[in-house]
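[1] 3D model of this:
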Amino acid sequence: MKNIKSWLLIFSFVFALSLTVSAQTLTALDGARVDVENQKDKVVVLAIGASWLPLSTQQAAITNKIAKKFDGRDVVVYFVATDSASAKSKNYASDDELNSFVTRTKLTVRVLRDSDGAQTLKKYGIDQLPSFVILGKDGKPATEAFGGVGVDEKTDISVPISQAIERSL
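    So this is what the prediction gives:
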């Protein structure tokens, strides 16, 4: 009987862990939990960056541009901060520091925190910051991640991102 209870306990733990890993639930700066993969018939754009990364300032401007372009449509845009929530980490940023980043960059979208700094990167196979991920209405990635940010009109990354969003609508 002990063996059965042990196996059931192990199975329950593994099952619960698999649900946690497969879901992409992040915490907003206001403390609310957001399941980015379950947005009920919405296309979700994740701008994945970090407050300490200089290019994230440009990414914030691109994110605002995309959010404004698709305002009023079935598109939700989030900035996912990969800054660690652990004060022992070299990539640590407090909520106050993230709020300062939002103010400084004039970011207009909701900020979600990937508190260990790697959950989102692993989930979507991202190997560089900043990046953008587009989730289709089914909650699955609609395209490969868009990496980097463009610095001029010829390399404006908002154009291919907008095109991918349009295809996903």
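[2] in stretch 76-96, what counts as buried?
    76-85, 91, 93, 95 (16 or more other CB atoms under 10 Å). In short, each C-beta sits where N, CA and C put it, glycine included.
[3] By mean pLDDT, which helix or strand of the protein comes out lowest?
    Ranked by mean pLDDT, DSSP states H and E, the helix or strand of the chain with the weakest confidence is helix 2-22, at a mean of 43.
[4] what packs against whichever helix or strand comes after that one?
    Sequence order places strand 25-28 as the next helix or strand after helix 2-22, per DSSP states H and E. Other elements packing on strand 25-28 under the criterion 3 or more CB pairs under 8 Å, 6 or more residues apart in numbering; DSSP states H and E are strand 33-35, strand 110-113.
[5] so which strand or helix has Ile48?
    Judged by DSSP H and E, Ile48 forms part of strand 43-49.
[6] which helices and strands does that strand pack with?
    Partner elements for strand 43-49 (3+ CB pairs under 8 Å, 6+ apart): helix 55-69, strand 75-81, helix 119-123, strand 131-135, helix 158-168.
[7] any low-confidence regions in the chain?
    Within the chain, the ranges that satisfy pLDDT under 70 run 1-23, 150-154.
[8] please redo it, this time with the cut-off set to 80
    Along the chain, segments meeting pLDDT under 80 span 1-23, 116-117, 148-155.
[9] how many other residues sit next to the nearest residue in space to Ala85 that is not next to it in sequence?
    Using CB to CB, 6 or more residues apart in numbering and skipping residues adjacent in sequence, the residue nearest Ala85 is Ser115, 3.8 Å away. Counted by other CB atoms under 10 Å, the residues lying close to Ser115 total 15.
[10] next one: Arg113
    Arg113 has 23 nearby residues by other CB under 10 Å.
[11] Distance from the chain centre to the strand holding Ile48, please.
    5 Å (CA atoms, centre = their mean, to the nearest Å).
[12] How about stretch 36-44?
    Per CA atoms, centre = their mean, the centroid offset for stretch 36-44 relative to its chain is 12 Å.
[13] Kindly report the same for stretch 121-130.
    Distance, centroid of stretch 121-130 to centroid of chain: 10 Å (CA atoms, centre = their mean).
[14] Give the buried residues for that stretch.
    Neighbour-count burial for stretch 121-130 [16+ other CB under 10 Å]: Leu121, Lys123, Tyr124, Ile126, Leu129, Pro130.
[15] contacting residues around Ala118?
    Residues counted as contacts of Ala118 (CB atoms under 8 Å, 6 or more residues apart in numbering) are Thr82.
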